[in-house]
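Peer 1: this one's structure only:
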């Protein structure tokens, strides 16, 4: 059994002039909402074997907050430029190429790619993944490469507004 968590980064600032899109930090309300999601994940006794994040500041900050809440060492968060570049097929490549000793994988990235990846497995799909939204899917398989040939099991879709 493999478990996949797809996470959209938290709400980030557009207000700081001179910053590139890559360098935009999280807003305080983004941090607060991420902590709500962490509380939800903790109640579910969520454990992840590997977190892979976009290297963009807002995604990596989100990944670090989640990692801290799940007792996952932030030094073990792997960054992958392919997630930032916005192509959902590159995210799929990352997933399918994950080592098979990894049972649970979390990808932290950006829209529209995160929503597109989630919708490949969700029926019906979602319109758009909100900031700090999480989709959890499980697959009754032994290897990540088997995902295209199996049916996903929708474990949950959660985002901060549902926890208010």
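Peer 2: Done, it's in. Computed from a predicted structure; not experimentally measured.
Peer 1: what comes up buried for the biggest helix by length in the chain?
Peer 2: Using DSSP state H to define each element, the chain has its longest helix at helix 28-43. By neighbour count on 16 or more other Cβ atoms under 10 Å, the buried set for helix 28-43 is 30-31, 33-38, 40-41. Using the backbone N, CA and C atoms, a C-beta is placed for each residue, glycine as well.
Peer 1: from the contact counts, what lies against it?
Peer 2: Here helix 28-43 touches helix 57-69, going by 3 or more Cβ pairs under 8 Å, 6 or more residues apart in numbering; DSSP states H and E.
Peer 1: in the helix it packs on, what's buried?
Peer 2: For helix 57-69, burial by neighbour count (16+ other Cβ under 10 Å) applies to 57-67, 69.
Peer 1: just stretch 146-159 next, same as before
Peer 2: Here stretch 146-159 shows 147, 152, 157-159 as buried, counting by 16+ other Cβ under 10 Å.
Peer 1: contacts for it?
Peer 2: The contact list for stretch 146-159, computed with Cβ atoms under 8 Å, 6 or more residues apart in numbering, reads 2-3, 37, 40, 44, 95-96, 121-122, 126, 129-141.
Peer 1: for the record, mean pLDDT for the longest helix of the chain?
Peer 2: For helix 28-43, mean pLDDT rounds to 96.
Peer 1: how much distance is there from that helix to the middle of the chain?
Peer 2: 13 Å (Cα atoms, centre = their mean, to the nearest Å).
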